[in-house]
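# okay, sequence plus prediction incoming.
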Amino acid sequence: WKIDGFDVVRNDRKHKKGGGSAIYIRQSIDYIPRQDLISDDALEMVWVELITKGNKSNVLLSSVYRAPDAPDMYFESLIDTIEKAISEVKMIAILGDLNYDCSAGVKDETHPISRLEALFSLQQIINSPTRVSKTSATIIDVILTSSNARVVTSGVFQTSFSDHFLIYTKLNIDTIPKKH
């Protein structure tokens with residue numbers, strides 16, 4: 001999909017139909033695609049670095065998709081990739097469909113998202129259901145951030161074009177306009 005005024009950085013699924021991940025970035029924002037952070041080609045993930053004024057607090061932003069039937073090694077590869085990103089000492093925000101329900105009563109210290117939060121000092125900030133059917137309401141689309149203080153707002157937009165609702169966040173970052 002093309003959206004006027006936005007660039008897209010994407011990583012399409014390579015061996016199956018569907019899936020993949022993408023990030024749309026306003027064309028006026030300077031950024032660097034950071035696929036070098038991905039430790040496994042099987043990860044359906046995109047990383048970009050948003051360039052901030054003075055390069056002092058650049059932000060690493062990621063979009064990720066984990067299929068419900070992904071093998072356990074997928075999660076271990078995801079951990080390796082996040083470890084690379086965290087080592088750069090930048091704020092990170094990871095948005096996506098990880099297909100692990102984070103609803104209250106489901107998530108405990110052994111839950112995969114809880115594990116990511118504990119390992120990397122991340123906070124999952126989506127609290128409303130992102131996938132609703134006649135029989136269930138789950139939070140399987142998440143936003144994990146290393147700096148909740150920079151989150152201005154976040155939430156869930158109900159849509160009718162997908163079986164998932166849209167998740168969003170607005171971060172307090174001072175980006176540099178792109179040079180033309």
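Nice, thanks for sending it over.
# show me the strands in the chain, by range?
Ranges of strands in the chain, per DSSP state E, are 6-11, 21-26, 31-33, 44-50, 59-65, 91-97, 123-124, 131-132, 137-138, 141-145, 151-157, 166-171.
# dump these to TSV, plus mean pLDDT, distance to Tyr74 and mean neighbour count.
From N, CA and C alone the C-beta is placed, and that goes for glycine too. Output for the strands of the chain, formatted as TSV (pLDDT from 0 to 100; distance: least, Cβ to Cβ, whole Å; neighbours: other Cβ atoms under 10 Å):
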stretch	mean pLDDT	distance to Tyr74	mean neighbour count
strand 6-11	92	14	16
strand 21-26	91	13	17
strand 31-33	94	22	16
strand 44-50	94	9	23
strand 59-65	94	10	23
strand 91-97	94	13	22
strand 123-124	95	18	16
strand 131-132	90	19	16
strand 137-138	92	19	14
strand 141-145	95	15	21
strand 151-157	92	25	14
strand 166-171	90	20	15
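# can you tell which of these is closest to Met73?
With respect to Met73, and counting by Cβ to Cβ, the nearest of those is strand 44-50 at 13.8 Å.
# ok, that closest one: who's next to it in the sheet?
Partner strands and pairing direction for strand 44-50 (DSSP bridges) are strand 31-33 (antiparallel), strand 59-65 (antiparallel).
# what's the angle between the last one and strand 6-11?
Using axes from the mean of the first three to the mean of the last three Cα atoms, to 10 degrees, the inter-axis angle of strand 59-65 relative to strand 6-11 is 60 degrees.
# C-alpha coordinates for strand 59-65, PDB please?
Backbone C-alpha positions of strand 59-65 (Å, rounded to 0.1, in the frame of the first residue of the first chain) are rendered in PDB as follows:
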ATOM      1  CA  VAL A  59      14.800   6.100  18.600                       C
ATOM      2  CA  LEU A  60      14.900   2.500  17.300                       C
ATOM      3  CA  LEU A  61      11.400   1.600  16.100                       C
ATOM      4  CA  SER A  62      10.400  -1.900  15.100                       C
ATOM      5  CA  SER A  63       7.400  -3.600  13.500                       C
ATOM      6  CA  VAL A  64       7.100  -7.300  14.000                       C
ATOM      7  CA  TYR A  65       4.800 -10.200  13.100                       C
END
